[in-house]
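Asker: fold the following for me, if possible:
(one chain, ligands or ions: 1)
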Amino acid sequence: MLNKKIVFSGVQPSGNLHIGNYLGAIAQWVEMQAKYNCIFCVVDYHAITIKQDPEVLKKKIIEVAKIYLASGIDPKKSIIFQQSDISAHTELTWILNCVARISDLNRMTQFKEKASINLDSLEAELNAMKNSEWMKSLVKQLSPIIRDRYEKEEDLIRKVYDRCISSIYNELEEYKNNQENVNVGLFDYPVLMAADILLYNTDAVPVGEDQAQHVELCRTLGRRFNSQFGEVFKIPEVVIRKEGARIMGLDDPAKKMSKSAESEYNFIGLTDKPEAAAKKIRKAVTDSGKEIKYDEKTKPAISNLLTIYSLLVGKSVKQLESKYKGKGYGDFKKDLAEMVKKFLTDFQARYKKISDKEVEKILENGAKKVKPIADETLERVKEKIGIN
Ligand code: TYM
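Answerer: Here you go, the predicted model:
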């Protein structure tokens, strides 16, 4: 037991946890329990980087822990705890903030995605509208009293365009301002994540692909601290599944499935009603053609559904391709919808059996177990920097 390597990972208690979180992260944690000493955290301080309703957040913390348990995380084998129960996380964050550079954090793509919209591409889209057929037909519908005042149709188009677009530009300005109002926590979030990992002498961090860059930053900060102050931190490896590391949105296979997606047709929530989830699969967008074949470039939607199917039933994508040879998207989606329905029905039956009290006890015990490890690391850090 003592010689086993240490695994650390976590999920934010925000939004709706979905099968992307499950297949990309939690399902691989379940498998790792046999070989590693595992610590799984409900990272509540990460969740408040986006505005949360306090009452909802309280419930979500319990919900995430229940999802860990219903997925097969066994509290007899692994530790489950709540991040804010261990003050060493925020203390170490502060110290690492003084090692991290603004340029490190400016590189984080997730921050850029969350905090901003790409104004350049929007401007290009708006410009393209000026020459569109739609614009021409709009102008044709105007009364001749107005049209006759313009010698050239292009002049009228420009006038109408400028009028409509100036109000849209105002909205863009508002967006820009919002970007400037992004809270410091959202920017600093990868440093908190580095503290989470480094406190526990972690060897391996199993995450989905979107978190790989953050784990890389954690490695950088750990190494930088060690070289500036002397060896304290173990430098962890990121562990990313070959399949399922990036489950895409059901409504748009170009973007990853996301907890905070605008449309509920983007994701299958782990607490979705099974029949509603089946409907989402039946309505999922598909690609052109009709062959069930894995090809991320030409068939991103079917490839994504094949990955989900394969991971849920434990069959390879190749096996599924031959099973559906000669059949169409409709048959395939109908079967996958049934699989998802069955998966959620079983999952939720396990989830419902777990009481809030039980979860509170598990989190309390988890905090007791991790506290000495976290405190010991923090003490060593403080000693090295001369604060002890
Ligand atoms: P979070 O809460 O956004 O996501 C939890 C886990 O789910 C993975 N994931 C996905 N995997 C595949 N396909 C998707 N569409 C998909 N969406 C999300 C994420 O990669 C992640 O593994 N900062 C982290 C939480 C965290 C953490 C840590 C993780 C805080 N401290 C320390 C590891 C170690 C986050 O926001 O994940």
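Asker: look up how far Thr307 lies from the closest residue in space to Phe40 that isn't next to it in sequence.
Answerer: Leaving out its chain neighbours, the residue that sits closest to Phe40 by CB to CB, 6 or more residues apart in numbering is Ile80, at 5.2 Å. Yep, even glycine has a C-beta here, placed from its N, CA and C like the rest. Going from Ile80 to Thr307 by CB to CB, to the nearest Å gives 27 Å.
Asker: the two: which has the busier surroundings?
Answerer: Using other CB atoms under 10 Å as the criterion, Ile80 and Thr307 rank with Ile80 on top: 25 against 21.
Asker: quick one, helices of the stretch 151-300 of the chain?
Answerer: Along the stretch 151-300 of the chain, counting by DSSP state H, counting those that start in this stretch, helices occupy 153-180, 184-198, 212-229, 274-283, 300-313.
Asker: give the other helices and strands that the fourth one contacts.
Answerer: Meaning helix 274-283. Contacts defined by 3 or more CB pairs under 8 Å, 6 or more residues apart in numbering; DSSP states H and E place helix 274-283 against helix 329-352.
Asker: what about the helix it packs on, distance to the chain center?
Answerer: Centre-to-centre, helix 329-352 and its host chain are 22 Å apart (CA atoms, centre = their mean, to the nearest Å).
Asker: what's the answer for stretch 318-337, then?
Answerer: On the basis of CA atoms, centre = their mean, stretch 318-337 sits 28 Å off its chain's mean C-alpha point.
Asker: and this structure, which residues reach the ligand?
Answerer: 8-12, 20-21, 24-25, 43, 46, 193, 196-197, 205, 207-208, 210-211, 214, 245-247, 256-257 (CB under 6 Å from any ligand atom).
Asker: in strands, which of those fall?
Answerer: Counting by DSSP state E, the part of the residues of the chain next to the ligand found in strands is 8-11, 205.
Asker: got a winner among the residues you listed for most neighbours?
Answerer: When neighbours are counted by other CB under 10 Å, Gly10 leads those with 26 neighbours.
Asker: list the contacts for it?
Answerer: Going by CB atoms under 8 Å, 6 or more residues apart in numbering, Gly10 touches 40-43, 46, 83, 196.
Asker: now, those residues that are in helices?
Answerer: 46, 196 (DSSP state H).
Asker: let's have the contacts of Gly10 in CSV, adding neighbour count.
Answerer: Converted to CSV, those look like this (neighbours: other CB atoms under 10 Å):
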residue, neighbour count
Phe40, 26
Cys41, 27
Val42, 27
Val43, 23
His46, 23
Gln83, 23
Asp196, 27
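Asker: turn the contacts of Gly10 into JSON lines, including pLDDT.
Answerer: Listed next are the contacts of Gly10 as JSON lines, based on pLDDT from 0 to 100:
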{"residue": "Phe40", "pLDDT": "98"}
{"residue": "Cys41", "pLDDT": "98"}
{"residue": "Val42", "pLDDT": "98"}
{"residue": "Val43", "pLDDT": "98"}
{"residue": "His46", "pLDDT": "97"}
{"residue": "Gln83", "pLDDT": "98"}
{"residue": "Asp196", "pLDDT": "98"}
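Asker: ok so, going back, just the closest of the ones in strands among the residues of the chain next to the ligand to Thr109, please.
Answerer: Distance ranking of those against Thr109, using CB to CB, places Val205 first at 17.8 Å.
Asker: residues touching the closest one, list them.
Answerer: Val205 neighbours (CB under 8 Å, 6+ apart): 7-9, 197, 211, 215, 218, 236-239.
Asker: which of the residues you listed has the largest number of neighbours?
Answerer: Within those, most neighbours by other CB under 10 Å means Ile197, with 28 neighbours.
Asker: now the strands: where do they sit in the stretch 1-150 of the chain?
Answerer: 6-11, 37-42, 79-82 (DSSP state E, counting those that start in this stretch).
Asker: please state the offset of the second one from the chain centre?
Answerer: Distance, stretch centre to chain centre, for strand 37-42: 18 Å (CA atoms, centre = their mean).
Asker: ok, now the shortest one?
Answerer: Computed by CA atoms, centre = their mean, the separation of strand 79-82 from the middle of its chain amounts to 20 Å.
Asker: which residues does it contact?
Answerer: 38-42, 44, 61, 65, 68-69, 73, 362-363, 366-367, 369-370.
Asker: and the contacts of Val205, which is closest to Ala100?
Answerer: Nearest to Ala100 among the contacts of Val205, with distances taken as CB to CB, is Cys218, at 10.2 Å.
Asker: I'd say the closest one and Ile197 touch.
Answerer: Yes - counting by CB atoms under 8 Å, Cys218 does reach Ile197; the two are 5.0 Å apart.
Asker: please parse the chain into its domains.
Answerer: Listed by automatic domain parsing, the domain ranges of the chain are 6-111+186-245+357-385, 114-180, 264-352.
Asker: weakest of those in terms of mean pLDDT?
Answerer: Per-segment mean pLDDT for those reaches its minimum on domain 114-180, at a mean of 76.
Asker: any chance of the helices of the stretch 151-300 of the chain in JSON lines, plus distance to Leu138?
Answerer: Shown next, in JSON lines, are the helices of the stretch 151-300 of the chain (distance: least, CB to CB, whole Å):
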{"stretch": "helix 153-180", "distance to Leu138": "7"}
{"stretch": "helix 184-198", "distance to Leu138": "40"}
{"stretch": "helix 212-229", "distance to Leu138": "44"}
{"stretch": "helix 274-283", "distance to Leu138": "32"}
{"stretch": "helix 300-313", "distance to Leu138": "33"}
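Asker: ok, which of those helices comes nearest Leu344?
Answerer: Once the helices of the stretch 151-300 of the chain are compared by CB to CB, helix 274-283 is nearest, at 4.3 Å.
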